[in-house]
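Asker: Just to be clear, the model below is a prediction. Sequence and coordinates:
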Amino acid sequence: MIPRNRKSCKLDFTQEVVWERKYLKKKCKEVGVEKEYILYEKRLRCNSIGVFIFLHSAVTLIHCFLLIMTCQYLSIVRIDIGFYIGGALLIIIVLSINFKEEVIRKHSWIMYASSVIAASLMVSVDLILHVYHMSTDNWDVGSFYDTYVIYSIYLFMPIPFIKGPLILGVLVSLSYITYFFAYLDSKHLYQMNNVVQFNQMVVDVLHYICFNMLGLFFRLMNDIIVRSSFLDRQQYVMEEIWLRSARKQEQRLLHSILPPQIARPFQEDIRSRVALAGKRRGHRIHNVKERIMAIQNHPEVSILYADVVNYTHLTTTLTVNELVTLLHDLYGRFDVAASYFKVQRIKFLGDCYYCVAGLSSPNPDHAKCCIDLGHCMIAHIREVRLNRHLNIDMRIGVNSGSLLAGVIGAAKLQYDIWGNDVMIAGKLESTGRPGHIHISERTLGSILNNTYEILPGTEEALQDPYLSSHNIHTFLIAAIDIKLEDYELKGDDSKLAAEERTSSIERELQVEYGKLPVGTFNIRDFIRFWKKTKNKPHNMDNASRPIVDFFFLHFRDPRLEYNYMRQPDYMLKYSILLAWFVGISLIYIQLVYHDKGDFCYYVNIIVFITMTVPLFIAWFKKMCYWRYKKDSHNFSKWACTIFRIAEFMQRNLISRLCVYMSTIIAYFCLISVVLVDCDQEEFQVRHIEDKLYHYEPDLFMCFHPWVLTNMACLMIGMSVIFTRIPWMVKIIVSVLEGLIYVIIMFFQFEYVIHHSKTTNPYFLPEYAHTYIVGITIVSFYLMERQAEFNSKVNFNWRVELLKKQQDAVITNKSITILLQNILPAHVVSVYLTSIARHELYYEDYQMVAVMFATLQNFILDLANLRVLNEIITEFDKILYYYRKDYLVEKIKIVGCTYMAACGLDPRFSGHIDGNDNNSISKEVTRAQRFLAAFQRQTGVRNEVVFVLTTFALDLLRTLWMCSNVYKKLPFDRGVFSADMSIGISCGEVMAGVVGASQVHYDIWGNPVNMASRMDSTGVSGHIHITQETAVILRAYGIECDYRGMTFVKGRGVLPTYFVGIDEDYEFRNIPEFFNRPTVNIVTRMRPDNDDIDDIEP
């Protein structure tokens, strides 16, 4: 669109270019469907043969019937009837071979040859009859097939494309012109040395040129519409294939996280929310699940916990690439083996991998499946240990029993398991022995066909209070040697799969191309539809009805019809150009036969201006595009005004109707000028005198009837062929034009018409004129019917394509939302490339803060899980306020432990958005002035520690509010306890997506282990932090209370701290930071953390 209210503007021709034949042809070649389009074009041409056979048979039979009924001397016209019927039969026989699609596909020259033969037969019949009657009866008859054969070549003949019909149409026109102006020159009216006779010759030539241009215009417009329809159909099919593939990907992705019975409600919920958000723009749709607890009970399963021995040492000795590559290798092997043994992986926790057998589908041999998988895991890790020269092993625990499985929370959805038997499996792993499978007595009893060597359990298991309290007796199964070749990843067949997928798409496209409709006039389809209607007149399903009415070609859905009529016409300029050329030709013809008086010239000038102004407006934009398409040009306000008027004409149906009707009225004015000065009484007297005294007839005494009939046929053809005018309007206008012309000829100028040439001896000229006009109307009706059908099919496909694109958008958004509830936002785009092909993906961050928050005294039964779901959902809602520059990512939920991290966004910055009215915004704003100088000195973005600590404080506040709410509710007080310990650490972290089955983003590194230890060794109601974290928080003016030396597993005894929090759950600030300049604080902060003594008691 051209922008308004500007003195200058840029030219936007993008919409019009899409409807250029050159562009469409290039597009067909680019997408590789040009060959298929050529085949479809041939099918369309072959279908039009059926229409032509019907039309030509009707024309021939009606003509012969009229000759028999109206001619006084049948003996004279018998030869005419014989030639017409014989020629029609030959034409039908010649053209019928085109119905054999296989033959035409192999020998396309048959289409050209049959078209040439059919046209030649009609021309030959016409000329032979003319010669015959001239030589035998001395009867100068006019040609019957001259315009009709030109219609047929362009509208119905099977000869495809543009050049073939144009050449054949020109040759037919030249044949008639040569015959009537060379052969008859010496005997009749056309004498080349006479200017008047020369003008008459030019008039006939103009008629042939105009009729050829009408046919050529139809072929060009039809080619544009059909190509556009074909490309839309190809895009529709590709969208359908993509959408189907996307939905499979969505389903596969969701089912890799959740079982189908749980995933289905989530999938429907996501799609409904996306669709609703499309209608209500601005609403949040990323919260996939709100207070819906999708948890199921599974009574007979086996749980396997596997832990990498010596993993903590690996995190401190291996590089980022080495560690993540190792984990990807291990978990990828484990996932393949788990799939082989029909065991479902739940998730992994750093170095811990746990899975369940008998979960997705009942399996009586679930215990043996887990034990066999454990043997395979041990064999795999030993192979990795040997190949990579690492000191690692596997410790595995297996327990059988029941569990609860499902999803809790509202963000980062992850399938998890809970229950007493799950806790027992974890204890069996932690108290197990490297290289062995530690099982419970119930698992041992569940093994079918036990062939394993059973050993006594470990001393650690006997001393474990949890196992002892539940009276669990344990056993060990030593590892056995197995052949890993049976469980290895298969060779890469992605190339073969891609080829098969491409071949499948091509086959589907071929099938769809074969279903493309070829026209409305299909006898077999009509009979089939009529039979269905007859058999089921009342209960016929509306879905089985055609979308377009058979007779009037209107959409059965009124909304579709309304939208179809309102669509813009980017081919309007071509219709106006053709109408202008026809109008100029009619002006010339009118001047040849009537150039008397000023009135004639005034009418011609008015008509010329009326038709030229729309032509200039419609083509001005196109000419500017030709001139400046390679340059950026600012157009004047007058040019912009013309652009806007042209766009208004294209887009507004009323304006197009005005242009259309003004053209028809202009044509009528030109014809009326020819008729207005015809004195019929004088014509009768002069005509009688010419006959009595053998005078040369005066052709300009009145008007030439056949010239006027040809002018009327041109007007009718132009009325029908004008683009994007409602079809019924064009048909009504063309029929009215024909009726008005026939009525005028019959009642006003009957004597002039009666004494004009006829097409057959003793065939009344008025019948001949009427019949030619009728044939023109019917021919263009059938032609426009096909064009209208193609146009409406194209529009319907565009509507369906838009629906598919909307479905694709919803599917794409639902996949994105789903991924964003599994992976961090910046990893989502990467998933669909490298991760989707099970390739390794990892990240390395220099400074990330990690938090573990564990609810205390929670027994994970069904009642407690309901409360846990509510609490985790409230925690997840807090993430919404940490989604911008200070992004906090939820990593996972493990039992009652909430794990999150800050600093995983590579675009992280310290920018503060003061518009957010929440605690993090207020706290960061307060601390910002302490941070700026410190960052300039250290060069490390340590604000992630402060942001995550503030998030942890928000969790404590939220839990306190939940506790107050639950105190007012009538339920068991023992279910809920408002105790939560939190541990935070910071430092260099490795993140990535590993494994070969489920998508799971995790982080590894020393800060992860330390944050977990801070949580496990912490105190309820406090945020337990490391020494390094305390130094950073002090830089933000937050007091940190020294706890003392704390034993940390794997690291020994370390100094740890509590974050200073008052009774109102606010940070305790360091008073001295408000009384001295920030620069003094910064000078005391040293990278070696020697200032830690300042905050010790």
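Answerer: Noted; the coordinates are in hand.
Asker: pLDDT of stretch 674-693, averaged?
Answerer: Across stretch 674-693, pLDDT averages out at 73.
Asker: now stretch 619-632, how far from the centre of its chain.
Answerer: Remark: stretch 619-632 is offset 31 Å from the chain centroid, using C-alpha atoms, centre = their mean, to the nearest Å.
Asker: which residues are contacting that stretch?
Answerer: 10-11, 13, 16, 573, 576-577, 633, 635, 639, 642-643, 646 (C-beta atoms under 8 Å, 6 or more residues apart in numbering). The way it works is simple: take the backbone N, C-alpha and C, and place the C-beta from them, glycine included.
Asker: Among those residues, which are located in helices?
Answerer: If you go by DSSP state H, those have 16, 573, 576-577, 639, 642-643, 646 in helices.
Asker: What's the ChimeraX line that selects buried ones from the contacts of stretch 619-632?
Answerer: A single ChimeraX command selects the buried members of the contacts of stretch 619-632 (16 or more other C-beta atoms under 10 Å):
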select :11,13,16,573,576,577,635,639,642,643,646
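Asker: Distance to residue 856 and pLDDT for the contacts of stretch 619-632 - can I get that in a markdown table?
Answerer: A markdown table is the format used below for these (distance: C-beta to C-beta, whole Å; pLDDT from 0 to 100):
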| residue | distance to residue 856 | pLDDT |
| --- | --- | --- |
| 10 | 67 | 81 |
| 11 | 71 | 84 |
| 13 | 70 | 86 |
| 16 | 70 | 88 |
| 573 | 78 | 94 |
| 576 | 82 | 96 |
| 577 | 84 | 96 |
| 633 | 73 | 80 |
| 635 | 74 | 87 |
| 639 | 77 | 90 |
| 642 | 78 | 93 |
| 643 | 72 | 92 |
| 646 | 75 | 93 |
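Asker: ok so, going back, okay, among the ones in helices among the contacts of stretch 619-632, which ones form the most distant pair?
Answerer: Farthest pair in the ones in helices among the contacts of stretch 619-632 (C-beta to C-beta) is 577 and 639. Separation: 19.9 Å.
Asker: can you name the two of the contacts of stretch 619-632 that are farthest apart?
Answerer: Of all pairs in the contacts of stretch 619-632, the most separated under C-beta to C-beta is 10 and 577 at 25.2 Å.
Asker: can you give me the helices in the stretch 551-700 of the chain?
Answerer: Assigned by DSSP state H, counting those that start in this stretch, the helices in the stretch 551-700 of the chain fall at 558-565, 572-593, 598-628, 637-651, 653-676, 680-693.
Asker: Buried residues, the fourth one. List them.
Answerer: Put plainly, it is helix 637-651. 639-640, 642-647, 649-651.
Asker: what do you get for stretch 372-390?
Answerer: Using 16+ other C-beta under 10 Å as the test for burial, stretch 372-390 gives 372-382, 384, 390.
Asker: Torsion angles phi and psi at residue 73?
Answerer: The phi and psi values for residue 73, taken as degrees, to the nearest 10, are phi -120, psi 90.
Asker: what about the stretch 151-300 of the chain, any weak spots by pLDDT?
Answerer: Where the stretch 151-300 of the chain drops to pLDDT under 70, the residues are 182-198, 250, 253-254, 256-258, 261, 267, 277-293.
Asker: all strands of it, in order?
Answerer: Under the criterion DSSP state E, counting those that start in this stretch, the stretch 151-300 of the chain contains strands at 294-309.
Asker: Give me the pLDDT value at residue 744.
Answerer: 89.
Asker: whoops, residue 489 was the one
Answerer: 46.
Asker: Also residue 523?
Answerer: pLDDT at residue 523 comes out at 46.
Asker: Same check on residue 343?
Answerer: So residue 343 comes in at 91 (pLDDT).
Asker: OK, contacts around it?
Answerer: Contacts of residue 343 by C-beta under 8 Å, 6+ apart are 304, 355-357, 369-370, 373.
Asker: and if you look at residue 1069?
Answerer: By C-beta under 8 Å, 6+ apart, residue 1069 lies in contact with 1037-1039.
Asker: redo that, cut-off 6 Å
Answerer: residue 1037 (C-beta atoms under 6 Å, 6 or more residues apart in numbering).
Asker: where in the stretch 651-800 of the chain is pLDDT low?
Answerer: Using pLDDT under 70, the stretch 651-800 of the chain drops low at 687, 689-701.
Asker: That one: strands as residue ranges?
Answerer: According to DSSP E, counting those that start in this stretch, the stretch 651-800 of the chain contains no strands.
Asker: what's the domain layout of this structure?
Answerer: Domain assignment of the chain by the TED database yields the ranges 13-235+566-803, 293-408+436-478, 823-911+939-1083.
Asker: now the strand or helix carrying residue 399: mean pLDDT?
Answerer: Using DSSP states H and E, residue 399 maps to strand 393-407. Mean pLDDT, strand 393-407: 92.
Asker: Need the CA coordinates for that strand. PDB is fine.
Answerer: Presented in PDB, the C-alpha positions along strand 393-407 are these (Å, rounded to 0.1, in the frame of the first residue of the first chain):
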ATOM      1  CA  ASP A 393      32.500 -47.100  37.600                       C
ATOM      2  CA  MET A 394      28.700 -47.600  38.100                       C
ATOM      3  CA  ARG A 395      26.800 -48.100  41.300                       C
ATOM      4  CA  ILE A 396      23.300 -49.400  40.700                       C
ATOM      5  CA  GLY A 397      20.300 -50.000  42.900                       C
ATOM      6  CA  VAL A 398      17.000 -51.700  41.900                       C
ATOM      7  CA  ASN A 399      13.800 -51.900  43.800                       C
ATOM      8  CA  SER A 400      10.300 -53.200  42.900                       C
ATOM      9  CA  GLY A 401       7.000 -52.000  44.100                       C
ATOM     10  CA  SER A 402       4.600 -49.100  43.400                       C
ATOM     11  CA  LEU A 403       5.000 -45.500  42.700                       C
ATOM     12  CA  LEU A 404       3.200 -42.300  41.700                       C
ATOM     13  CA  ALA A 405       4.300 -40.800  38.400                       C
ATOM     14  CA  GLY A 406       3.300 -37.500  36.700                       C
ATOM     15  CA  VAL A 407       4.000 -33.800  36.400                       C
END
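Asker: Name the residues that touch the helix or strand just after it?
Answerer: Using DSSP H and E, the helix or strand that follows strand 393-407 in sequence is strand 416-418. With C-beta under 6 Å, 6+ apart as the test, strand 416-418 has contacts from 346, 403-405, 860.
Asker: buried ones in stretch 306-326?
Answerer: 306-309, 311-312, 314-315, 318, 320, 323-326.
Asker: Would you check which pair of those residues lies furthest apart?
Answerer: Longest span within the buried residues of stretch 306-326, C-beta to C-beta: 306 and 320, 23.2 Å.
Asker: The residue nearest to residue 71 when sequence neighbours are not counted: neighbouring residues, count only.
Answerer: Distance criterion C-beta to C-beta, 6 or more residues apart in numbering; nearest residue to residue 71, sequence neighbours excluded, is residue 762 at 4.3 Å. Neighbour count of residue 762, defined by other C-beta atoms under 10 Å: 15.
Asker: quick one, helices of the stretch 251-400 of the chain?
Answerer: With DSSP H, counting those that start in this stretch as the criterion, the stretch 251-400 of the chain has helices spanning 260-279, 311-317, 320-340, 366-388.
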